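Colleague: pasting the sequence and the predicted model now:
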Amino acid sequence: MEPNLAELDRITSTAIDLGMKFGPRLLVAIIVIAAGYYTARWAAAGVGRALDKRELEPPVRNLLLGVTRVLVLIVFAIMALQNLGVELLPLIAGLGVAGAGIALAMQGVLSNMVAGLTIILTRPFRVGEFISIVKEEGVVAEISLSSTTLSHPDRSRVVIPNRRIVGEILHNYGLIRQVQVEVRVAYDTDLNQALATIRELLQANPRVLKDPAPPSHVVQLADSSVTIGVYPWVNVSDYGPAGGEINKAIVETFRARGIVIPPPRRDVRLLGGSAPGELRAA
């Protein structure tokens with residue numbers, strides 16, 4: 001019983017000595033960390049007010065604010081460790097080795113972040129624009145440091161890693177797209193009347209943009225018909241419905257005005273020596 005009491009007294013005495021020695025340092029370190037937290041928030045708020053005067057993409061702004069907070073916290077953490085008497089050189093060396101291993105393991109993530117910064121700074125496209133890249137297309141819904149998100153008219157979403165975007169051929173349609181409609185008319189059609197009718201229909205369609213002016217002209221002289229191309233511009237959101245509305249209006253108006261849209265035709269004749277029921281296209 002007495003040895004146990006002696007051991008307890010020894011442990012208590014050691015704890016009191018350690019508390020007297022490191023207690024004030026630990027308290028000061030906690031105060032330093034707390035001060036660093038509030039200083040980091042204050043510094044980030046100041047940087048945010050300065051960045052509000054510049055046109056920066058949200059990911060870049062958030063990155064700069066995060067870097068500001070981290071740097072301030074690192075400075076105060078070093079001060080707290082120094083106050084506790086921690087040797088910083090071995091700690092920094094260990095963190096360097098660990099950082100190299102983490103960077104090797106996360107090289108895919110880091111490459112995405114570097115590519116994301118490249119996209120954000122060079123601005124090959126912006127949120128709301130319609131793009132086509134790496135066999136995917138859609139409206140840019142979000143640009144982050146790691147990926148770019150596209151939205152489709154069918155309400156699906158495609159998330160593309162940024163490293164797959166940088167270095168690829170990018171087709172940026174911007175905020176408008178050009179509808180491509182072609183209609184065939186008979187050779188005896190009054191082409192001026194047909195073209196005037198198409199321009200009238202385009203003028204009446206609220207989805208068709210008036211600037212740039214929608215072009216329509218003869219594009220091909222086929223075997224049994226004349227092909228007229230109709231290529232109006234519309235907003236990205238109207239691209240799908242506009243094509244259907246224009247096709248429907250052309251068919252209905254041409255019928256009402258007696259403008260013939262000839263059906264596809266193929267001339268077939270029987271050649272001498274052909275077996276019964278056997279046809280050969282001439």
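Modeller: All right, it came through fine. Numbers count the residues shown, from 1 in each chain.
Colleague: show me where the stretch 1-150 of the chain has helices.
Modeller: 2-51, 58-84, 88-105, 107-122 (DSSP state H, counting those that start in this stretch).
Colleague: rank these by pLDDT, which is bottom?
Modeller: Among the helices of the stretch 1-150 of the chain, helix 88-105 has the lowest mean pLDDT, at a mean of 61.
Colleague: buried residues in stretch 230-245?
Modeller: Across stretch 230-245, burial judged by 16 or more other Cβ atoms under 10 Å covers 230, 232, 233, 234, 236, 238, 239, 242, 243, 245. C-beta here means a position set from N, CA and C on the backbone, and glycine is covered the same way.
Colleague: next one: stretch 29-38
Modeller: So for stretch 29-38, counting by 16+ other Cβ under 10 Å, buried means 29, 32, 36.
Colleague: which member of the residues you listed is positioned nearest residue 157?
Modeller: residue 36 (39.2 Å; Cβ to Cβ).
Colleague: okay, the closest one and residue 181: tell me how far apart.
Modeller: Using Cβ to Cβ, to the nearest Å, residue 36 is found at 64 Å from residue 181.
Colleague: out of the buried residues of stretch 230-245, which sit inside helices?
Modeller: Judged by DSSP state H, those include 239, 242, 243, 245 as members of helices.
Colleague: columns pLDDT on top of those, output as JSON lines?
Modeller: Shown next, in JSON lines, are these (pLDDT from 0 to 100):
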{"residue": "239", "pLDDT": "88"}
{"residue": "242", "pLDDT": "91"}
{"residue": "243", "pLDDT": "90"}
{"residue": "245", "pLDDT": "93"}
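Colleague: and the furthest pair within those residues?
Modeller: So, these by Cβ to Cβ: farthest apart are 239 and 245, at 11.4 Å.
Colleague: residue 196 - that's part of a helix, no?
Modeller: Yes: with DSSP: H, G, I helix; E, B strand; the rest coil as the criterion, residue 196 is located in a helix.
Colleague: any idea how far it lies from residue 190?
Modeller: For residue 196, the distance to residue 190 - Cβ to Cβ - is 9 Å.
Colleague: residue 166 now?
Modeller: Residue 166 is 53 Å from residue 190, by Cβ to Cβ.
Colleague: so those two - more neighbours on which side?
Modeller: Just comparing residue 166 and residue 190: by other Cβ atoms under 10 Å the higher neighbour count belongs to residue 166, 18 against 13.
Colleague: what does the pLDDT read for the more buried one?
Modeller: For residue 166, the model assigns a pLDDT of 88.
Colleague: make sure it is indeed in a helix.
Modeller: No: Residue 166: not assigned to a helix; according to three-state DSSP it is coil.
Colleague: so who does the nearest residue to residue 241 once chain neighbours are set aside touch?
Modeller: Leaving aside its chain neighbours, residue 241 sits nearest to residue 207 (6.7 Å; criterion: Cβ to Cβ, 6 or more residues apart in numbering). Neighbouring residues of residue 207 by Cβ atoms under 8 Å, 6 or more residues apart in numbering: 234, 235, 238, 241, 242, 245.
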